[in-house]
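Engineer: this one's sequence-less:
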Ligand code: CP
């Protein structure tokens with residue numbers, strides 16, 4: 001049994017095969033019902049539109065039954081730490097919750113965002129790893145503190161679908177947002193783009209560096225795949241010649257757990273760090289304009305202007321659709337004997 005916790009769990013060939021499987025699900029040539037007669041648990045500690053809906057639909061289309069649980073809502077509050085005296089507000093331990101679910105379900109998908117309180121703790125993905133530790137069924141990461149691999153795979157599928165399989169100049173740009181957000185999406189996008197051999201450019205203001213260990217892995221994966229990685233604080237130059245603009249906001253590690261201080265710090269970037277028509281015009285080359293991507297939900301005229309997200313360059317709806325096809329490919333693979 002293998003989990004799907006980060007794309008780093010997979011080789012480039014495995015990621016390519018997953019994307020090709022997702023493309024077959026999308027064009028209707030893949031009709032396998034890997035979940036016939038089976039149930040998959042979907043455990044959501046946090047809100048979701050795309051992930052939850054596309055997993056539920058995907059499980060149905062694979063012949064299975066989704067069991068959706070929201071700890072603290074439709075199921076008991078959960079403790080994940082080992083050795084804790086549970087005399088507080090948590091009713092059940094992951095040790096029992098996960099092992100019981102694994103007796104009912106063929107796989108368990110789970111979402112648990114970073115709490116944005118303690119960087120050193122959260123960067124280790126403690127809740128996700130507690131699920132993986134106790135489960136006898138494969139765990140699929142539907143966004144944890146550090147990774148959103150299903151999103152990243154849908155992103156790689158979208159780039160391939162729109163621009164072909166050859167490596168591209170792929171720009172991950174930080175954008176201003178009124179509050180600090182988790183790093184799972186930028187982490188996973190950078191990692192997957194590096195694994196696929198793209199020319200990865202990461203643009204952010206000083207102080208918004210991604211995790212050092214994550215970046216080490218990104219550089220290693222990129223080198224192994226024949227790609228490149230550049231980090232810049234110059235948003236205009238980053239857009240020059242880009243094939244893909246991927247916008248996302250995230251929090252600064254130096255102010256982690258101090259949201260009010262971070263909000264003061266980021267205020268200076270509000271006007272400059274937005275994806276707008278002028279920046280997208282810098283991407284125009286003989287091959288046309290870059291595509292615009294965002295995982296959604298997105299704040300219009302904060303992260304990206306209406307003019308960009310409503311333009312023909314915007315791939316966000318196709319990107320969201322691809323979550324469905326990628327989820328079907330991942331679930332089919334995770335439950336196959338070869339994975
Ligand atoms: N992109 C994404 O994961 O969307 P949801 O938060 O709506 O699931």
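Structural biologist: Received, thanks. The shown structure was predicted, so the numbers you read here are calculated from the model rather than taken from an experiment. Residues are numbered from 1 along each chain as shown.

Engineer: so where does the closest residue to the ligand within the stretch 201-339 of the chain fall, helix or strand?
Structural biologist: Relative to the ligand, the nearest point of the stretch 201-339 of the chain is residue 295 (3.8 Å; C-beta to the nearest ligand atom). Glycine gets a C-beta too; all of them are placed from N, C-alpha and C. Per DSSP states H and E, residue 295 falls between elements, in no helix or strand.

Engineer: burial of it, as a residue count?
Structural biologist: Per other C-beta atoms under 10 Å, the neighbour tally for residue 295 reads 25.

Engineer: chain neighbours aside, what residue packs nearest to residue 257?
Structural biologist: residue 117 (4.8 Å; C-beta to C-beta, 6 or more residues apart in numbering).

Engineer: scratch that, residue 51 is what I was asking about
Structural biologist: Using C-beta to C-beta, 6+ apart and skipping the chain neighbours, the partner closest in space to residue 51 is residue 142 (5.0 Å).

Engineer: check residue 79 too.
Structural biologist: residue 90 is the one closest to residue 79 (C-beta to C-beta, 6+ apart), at 3.8 Å.

Engineer: give the contact list for the residue nearest to residue 51.
Structural biologist: 42, 44, 48, 51, 55, 109, 110, 111, 148, 150 (C-beta atoms under 8 Å, 6 or more residues apart in numbering).

Engineer: what about these, which are in helices?
Structural biologist: Within these, membership in helices is found for 51, 55, 150, as judged by DSSP state H.

Engineer: how about those residues in TSV, adding neighbour count?
Structural biologist: Shown next, in TSV, are the ones in helices among the contacts of residue 142 (neighbours: other C-beta atoms under 10 Å):
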residue	neighbour count
51	23
55	27
150	28
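
Engineer: can I assume residue 330 is in contact with residue 150?
Structural biologist: Yes - Residue 330 lies in contact with residue 150 (C-beta atoms under 8 Å); the separation is 6.3 Å.

Engineer: joint contacts of these two?
Structural biologist: Contact with both residue 330 and residue 150 is made by residues 4, 140, according to C-beta under 8 Å, 6+ apart.

Engineer: my guess is residue 145 meets residue 114, correct?
Structural biologist: Yes - Residue 145 is within contact range of residue 114, at 3.7 Å (criterion: C-beta under 8 Å).

Engineer: which of these two has more neighbours?
Structural biologist: Counted by other C-beta under 10 Å, residue 145 and residue 114 do not tie: residue 114 has more neighbours, with 25 against 22.

Engineer: got the phi and psi for the more buried one?
Structural biologist: Dihedral pair for residue 114: phi -60, psi 140, per degrees, to the nearest 10.

Engineer: any idea of the pLDDT on it?
Structural biologist: For residue 114, the pLDDT comes out at 96.
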